[in-house]
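Colleague: A predicted structure for the sequence below; I have some questions about it.
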Amino acid sequence: MRHLLGMALLAMTVACSNTAAKAAETEYDPAKVSESLKAIFQFGSVATKQALNANTVTLISGTIGGTYVQFGADLASVLDDGNKLRVLPIVGRGSVQSVADILFLQGVDLGIVRADTLDYLEKKGFAKDIKKQFTYVTKLYNEEMYVLAPKSVTNINQLNGKKVSVDLPNGGTFVTAAVVFERLGIKPNFLYIEQRIAMEKMRAGEIDAVIAVGGKPYKSVAAFKDDRFHMVPVDYSKPLQGDYLPAVLTSKDYPNLIAEGAKVDTIAVPAVLAAYNWAPNTDRYRKLAQFVDAFFTKFPTFQNPPFHPKWKEVSLSAPLPDWQRLPVAEQWLKSHNVEAVSRARFDEFLKQSPTTAASVKSDADREALFRQFQAWEAERGARAQAPNTPTQR
């Protein structure tokens, strides 16, 4: 019996040895697979710490469910390149907080903010000459304003004196709502509640309306479904025309809130990829230069699925009034002739469209039309680059 047991144990030992040998032949050493794992194995190394920090760019995005978070994830997905460049998105707390984070938080290189935020901070006396401390890499896209309310509310003026949630007080939605209602002479009772919670409170009848601002499709708005509520239009009236743009929402954008075939007029505000105004001879500026080169070079990738549809609106060379562009970004565009080509196409477009050209009465009109032309070109380019899918017959 012992002899047989010994033979069995020997056979098992040989079998296990053979299995281990085969596994050794097929499995990878994790230290050879990932630079991050190497860093863990070399924990405590000064050289490893320096290597990990040297080429990591940190980006403040936005709150969960918003467009900024998705843009941050898209940037990381496309631009991460081993140890050459890593984009580290951070979930933020809104546009106002992102301004503070870019200015004061150690390690933050970039952030997505709304164009009207800095103006608001200056006009309200919270900051002086704040734009001089910022540069922008590019204007990203236009963010639409959504006014969600019971169907009994058909005009935004009906919200005067009503309980209206405008998200958290350090976010960009609060800023846009404050500016818009002030200019329209409407005085609601603002409540500062995170949007998903606010929508539930509106369902329960505790508040009268919810304001959201974000690039469509905006997840938290698209997910809201209750037949008692709809979107209230925001007319592009004269008091809003200095800082905002006209926009239209359709049933295709938000079928849960807009009747089939219908549309709702609203306004939009530009989102900006901003950075602190670092001196060119600093290490932080060097990292921004790395980011710009990778981002601009790979930009066409973002304008195709599976990335956010709002990338199709982005035009790298689109100007942003009263902002100064990051010098290395300006240099990249000029060296690649991006602005010159776009301007030449725009001039040719005006020659072929005399009716449109006749509507241009001033330099401001021309610049506004040029920005619209750039957005149109970007969308057309994205459609051209998108892979063709066979149509069903």
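Modeller: All right, it came through fine.
Colleague: now stretch 175-183: mean pLDDT?
Modeller: What stretch 175-183 shows for mean pLDDT is 93.
Colleague: repeat for stretch 311-327
Modeller: For stretch 311-327, the mean pLDDT works out to 87.
Colleague: Span of it from start to end?
Modeller: 23 Å (CA to CA, to the nearest Å).
Colleague: buried sites along that stretch?
Modeller: Neighbour counts using 16 or more other CB atoms under 10 Å place 311-318, 323, 325-327 of stretch 311-327 among the buried residues. In short, each C-beta sits where N, CA and C put it, glycine included.
Colleague: Pass me the low-pLDDT residue ranges in the stretch 51-200 of the chain, would you?
Modeller: For the stretch 51-200 of the chain, applying pLDDT under 70 flags no range at all.
Colleague: Count the neighbours of the closest residue to Gly172 other than its chain neighbours for me.
Modeller: Excluding the flanking residues, the one nearest Gly172 by CB to CB, 6 or more residues apart in numbering is Ser95, at 2.8 Å. Ser95 is flanked by 32 other residues according to other CB atoms under 10 Å.
Colleague: Then Thr56?
Modeller: By other CB under 10 Å, 16 other residues sit near Thr56.
Colleague: Was I right to think it contacts Pro89?
Modeller: No. At 11.4 Å, Thr56 does not count as touching Pro89 under the criterion of CB atoms under 8 Å.
Colleague: May I ask you to confirm that Pro246 belongs to a strand?
Modeller: Yes. When DSSP: H, G, I helix; E, B strand; the rest coil is applied, Pro246 is found to be in a strand.
Colleague: List the residues that contact the spatially closest residue to it that is not a sequence neighbour.
Modeller: Nearest residue to Pro246, sequence neighbours excluded (CB to CB, 6+ apart): Tyr236, at 4.1 Å. Shown in contact with Tyr236 (CB atoms under 8 Å, 6 or more residues apart in numbering): 244-246, 265, 267.
Colleague: same deal with Asp283?
Modeller: Under the criterion of CB under 8 Å, 6+ apart, the contact list for Asp283 is empty.
Colleague: Only C-alpha atoms, please: export stretch 296-309 in PDB.
Modeller: Output in PDB follows, covering the C-alpha atoms of stretch 296-309 (Å, rounded to 0.1, in the frame of the first residue of the first chain):
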ATOM      1  CA  PHE A 296      -3.400  68.700 -31.400                       C
ATOM      2  CA  THR A 297      -1.700  65.900 -33.300                       C
ATOM      3  CA  LYS A 298      -4.200  63.300 -32.400                       C
ATOM      4  CA  PHE A 299      -7.200  65.600 -32.500                       C
ATOM      5  CA  PRO A 300      -9.000  64.000 -35.400                       C
ATOM      6  CA  THR A 301      -9.400  60.800 -33.400                       C
ATOM      7  CA  PHE A 302     -11.700  62.600 -30.900                       C
ATOM      8  CA  GLN A 303     -14.200  63.500 -33.600                       C
ATOM      9  CA  ASN A 304     -15.200  59.900 -34.300                       C
ATOM     10  CA  PRO A 305     -17.100  57.300 -32.200                       C
ATOM     11  CA  PRO A 306     -16.900  56.200 -29.500                       C
ATOM     12  CA  PHE A 307     -15.900  59.600 -28.100                       C
ATOM     13  CA  HIS A 308     -18.400  62.300 -27.000                       C
ATOM     14  CA  PRO A 309     -20.400  63.800 -29.800                       C
END
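Colleague: Please spell out which residues along that stretch are buried.
Modeller: For stretch 296-309, burial by neighbour count (16+ other CB under 10 Å) applies to 296, 299, 302-303, 307-309.
Colleague: Then stretch 173-193?
Modeller: 173-181, 183-184, 186, 188, 190-191, 193.
Colleague: from the chain's centre, how far out does it sit?
Modeller: Centroid displacement of stretch 173-193 relative to its chain, using CA atoms, centre = their mean, to the nearest Å, is 23 Å.
Colleague: Same question for stretch 259-268.
Modeller: Relative to its parent chain, stretch 259-268 has a centroid offset of 22 Å by CA atoms, centre = their mean.
Colleague: pLDDT (mean, whole number) over it?
Modeller: Across stretch 259-268, pLDDT averages out at 94.
Colleague: quick one: terminal-to-terminal distance for that stretch?
Modeller: 21 Å.
Colleague: Pull the contacting residues for Ser220.
Modeller: 65-66, 195-196, 199, 212.
Colleague: again, only using 10 Å
Modeller: By CB atoms under 10 Å, 6 or more residues apart in numbering, Ser220 lies in contact with 63-66, 146, 167, 194-196, 198-199, 210, 212, 214.
Colleague: which one among the residues you listed gets closest to Glu260?
Modeller: Ranked by distance to Glu260 (CB to CB), the contacts of Ser220 are led by Tyr146 at 18.4 Å.
Colleague: I'd like the contacts of Tyr236 written out as JSON lines, with distance to Asn155 and neighbour count added.
Modeller: Shown next, in JSON lines, are these (distance: CB to CB, whole Å; neighbours: other CB atoms under 10 Å):
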{"residue": "Tyr244", "distance to Asn155": "18", "neighbour count": "24"}
{"residue": "Leu245", "distance to Asn155": "21", "neighbour count": "18"}
{"residue": "Pro246", "distance to Asn155": "18", "neighbour count": "14"}
{"residue": "Asp265", "distance to Asn155": "12", "neighbour count": "13"}
{"residue": "Ile267", "distance to Asn155": "15", "neighbour count": "23"}
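Colleague: Which parts of the stretch 1-150 of the chain are strands?
Modeller: Along the stretch 1-150 of the chain, counting by DSSP state E, counting those that start in this stretch, strands occupy 56-60, 86-90, 110-114, 134-150.
Colleague: would TSV of those strands with distance to Leu369 be doable?
Modeller: Output for these, formatted as TSV (distance: least, CB to CB, whole Å):
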stretch	distance to Leu369
strand 56-60	32
strand 86-90	34
strand 110-114	23
strand 134-150	16
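Colleague: CA-only coordinates of stretch 224-234 in PDB, if you can.
Modeller: What follows is stretch 224-234 as a C-alpha-only set of coordinates in PDB (Å, rounded to 0.1, in the frame of the first residue of the first chain):
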ATOM      1  CA  PHE A 224     -34.600  62.200 -16.300                       C
ATOM      2  CA  LYS A 225     -38.000  60.800 -17.200                       C
ATOM      3  CA  ASP A 226     -41.300  62.000 -15.900                       C
ATOM      4  CA  ASP A 227     -44.300  62.900 -18.000                       C
ATOM      5  CA  ARG A 228     -45.200  65.800 -15.700                       C
ATOM      6  CA  PHE A 229     -42.100  67.800 -16.700                       C
ATOM      7  CA  HIS A 230     -40.600  69.400 -19.800                       C
ATOM      8  CA  MET A 231     -38.000  71.900 -20.900                       C
ATOM      9  CA  VAL A 232     -38.900  75.600 -20.700                       C
ATOM     10  CA  PRO A 233     -37.500  77.700 -23.600                       C
ATOM     11  CA  VAL A 234     -34.900  80.400 -23.100                       C
END
